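Chemist: 3D, please:
(2 chains)
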Amino acid sequence: MQLQRLASTTNNLIEAVAQFELLPIEMLTHRVHPASWNALECFEHLNRYARYYHLALKKAISKVAPFAQGSDSYVHTWIGRKFIGMMNPDNTKKQKTLKHLNPLLSPLSIDVIHEYRRHLEDLLLLIEQAHKFDLRKLKIGVEFFPLLKMNGADTLEFLVAHNQRHVAQALRVVNVDRALVV
Amino acid sequence: MSHPHSIIKRIFESQVPISADAAEQLLSSWTKETVLKRNEYLIQQGEIETQLFYVVDGAMRIYYPREDEEICVGFAYTGNLICAYPSFIHQKPSDYYIQALGKTTDISISRERFYGLFDRFREIETCWRMLEEEALLGKIEREVEMLTFTPEERYARLLQRSPHIFQLIPRKYIASYLRMTPETLSRLKPA
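Modeler: Now for the predicted structure:
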């Protein structure tokens, strides 16, 4: 894992998401299939992860001192590799999302995307600060099973991969019907 | 204003898969930014259309001038591709105007660059054809509506197809597009 690469990926995501904020609501709430998510739901899903993990990261950071020998690159733990691997876009197995993380059918508005962009900016700051710490010392409980811990490096890589996966999904489902006006 | 390239890429990909190479070539040429103030023109009658635009932010109307009125024939807003199509195709002076209804930002690719991609990347030409087919179908639908629908039916169809339009476009232009007076429109949809 390279922090620099995580930072540039997150920057790209911020640019892509800013464009979503301008699209008509019909494109953002369009569903390709009754049981699949629209673009807003993809972003709300990411918001729920961000609300938990960003706070967990900040708490973990507040418990360790900055380390002069913080690093830019890390090797992942076994558990980290497992979670990150699940986010690989080549992994087409539909993840059974846990109920409270599944936003289907809850009422959503454009605010969802505004919130998500703020979370991405937050994440970028976390990544930029991270080089000051030994990320292996940070222990973050997995959201649905807090006894299982990932370290700081695994968590950051997982978050970025997870964001990429669902932003790509939002791009796929956004309705661009009759795009050309003549 | 940040990059709209992800949506432009999505517009093309949603027609036919395009290779990473094709996407890179398409987007790297799609960079000329145009910022318009309210009432400024993207194109005026008599000018030749040399660009294909993507609307990053804002709204515009397409209209033909007649002696005592301006006939509105369409709108474009965020997420749309637009050009003065007849002029774009035959490279003769445009008959109509495209005017910004508020501050509008567009980015464009030149017709020369765009057509130049067709030889190297067959899929881009296919995407363009499919976008044109959709646009043509839309025009045929509108022609039938204009010739056979009552004003109430035309209004209902517009609301069904583009429910957000009243948030984006001033009412007088919607009335012109529907070929009714602003008073008739107010009767159908009180302000």
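Chemist: hang on, residue B:25 in a helix?
Modeler: Yes - the assignment for residue B:25 by DSSP: H, G, I helix; E, B strand; the rest coil puts it in a helix.
Chemist: Report how many residues lie close to the closest residue to it other than its chain neighbours.
Modeler: Counting by Cβ to Cβ, 6 or more residues apart in numbering or on different chains, the nearest residue to residue B:25 once its immediate chain neighbours are dropped is residue B:117, at 5.9 Å. In short, each C-beta sits where N, CA and C put it, glycine included. Neighbourhood size, residue B:117 [other Cβ atoms under 10 Å in any protein chain shown]: 18.
Chemist: What's the first helix or strand after the helix or strand harbouring residue B:117?
Modeler: Assessed by DSSP states H and E, residue B:117 sits inside helix B:111-120. Sequence-wise, the next helix or strand downstream of helix B:111-120 (DSSP H and E) is helix B:122-148.
Chemist: Against which helices or strands is that next one packed?
Modeler: If contacts are counted by 3 or more Cβ pairs under 8 Å, 6 or more residues apart in numbering or on different chains; DSSP states H and E, helix B:122-148 sits against strand A:180-181, helix B:5-13, helix B:20-29, helix B:111-120, helix B:151-161.
Chemist: can you pull the contacts of residue B:100?
Modeler: By Cβ atoms under 8 Å, 6 or more residues apart in numbering or on different chains, the contact list for residue B:100 reads B:36-42, B:58-60.
Chemist: now, which of those lie close to chain A?
Modeler: Filtering the contacts of residue B:100 for neighbours of chain A using Cβ under 8 Å from any Cβ of the partner chain leaves an empty set.
Chemist: From what I see, residue B:35 and residue B:105 are in contact.
Modeler: Yes - at 5.2 Å, residue B:35 counts as touching residue B:105 under the criterion of Cβ atoms under 8 Å.
Chemist: In terms of neighbours, single out the busier of these two.
Modeler: residue B:105 (18 against 14).
Chemist: before we move on, the earlier item: now the helix holding residue B:117, how far from the centre of its chain.
Modeler: Between the mean C-alpha location of helix B:111-120 and the chain-wide mean there is a distance of 20 Å, by Cα atoms, centre = their mean, to the nearest Å.
Chemist: Neighbours of residue 145, how many?
Modeler: Using chain A here. Look at residue A:145: counted by other Cβ under 10 Å, it has 8 neighbours.
Chemist: To clarify, I was referring to chain B.
Modeler: Neighbourhood size, residue B:145 [other Cβ under 10 Å]: 16.
Chemist: what do you get for residue A:9?
Modeler: Residue A:9 has 17 neighbouring residues, counting by other Cβ under 10 Å.
Chemist: Report pLDDT for it.
Modeler: pLDDT recorded at residue A:9 is 94.
Chemist: Check chain A for the residue nearest chain B and tell me.
Modeler: With Cβ to the nearest Cβ as the measure, residue A:182 is the residue of chain A nearest to chain B, at 3.7 Å.
Chemist: beta partners of the residue nearest to residue B:177 when sequence neighbours are not counted?
Modeler: Excluding the flanking residues, the one nearest residue B:177 by Cβ to Cβ, 6+ apart is residue B:72, at 4.3 Å. Under DSSP bridges, the beta-bridge partners of residue B:72 are residue B:63.
Chemist: quick one: residue B:72 from chain A, how far?
Modeler: Using Cβ to the nearest Cβ, to the nearest Å, residue B:72 is found at 12 Å from chain A.
Chemist: ok now do residue 135, which residues does it touch?
Modeler: I'll assume chain A. A:70-71, A:74, A:151-153, A:156.
Chemist: The chain in question should be chain B.
Modeler: Contacts for residue B:135 (Cβ under 8 Å, 6+ apart) come out as A:178, A:180-182, B:85.
Chemist: And the buried ones among those, selectable in ChimeraX?
Modeler: Buried residues among these (16 or more other Cβ atoms under 10 Å in any protein chain shown), as a ChimeraX selection:
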select /A:180,181,182 /B:85
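Chemist: Put together CSV for the contacts of residue B:135, with distance to residue B:139 on each row.
Modeler: As requested, the contacts of residue B:135 are exported to CSV (distance: Cβ to Cβ, whole Å):
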residue, distance to residue B:139
A:178, 11
A:180, 11
A:181, 10
A:182, 7
B:85, 10
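Chemist: Closest one to residue B:23 out of the contacts of residue B:135, please.
Modeler: residue A:180 (17.9 Å; Cβ to Cβ).
Chemist: ok, which residues in chain B are in contact with chain A?
Modeler: Residues of chain B lying near chain A (Cβ under 8 Å from any Cβ): B:2-4, B:6-7, B:10-11, B:14, B:56-57, B:62, B:74-83, B:85, B:131-132, B:134-135, B:138-139, B:162-164, B:168.
Chemist: could you flag which of the residues you listed are buried?
Modeler: By neighbour count, with 16+ other Cβ under 10 Å, the residues of chain B next to chain A hold B:2-4, B:6-7, B:10-11, B:14, B:56-57, B:62, B:74-83, B:85, B:131, B:134-135, B:138, B:162, B:168 as buried.
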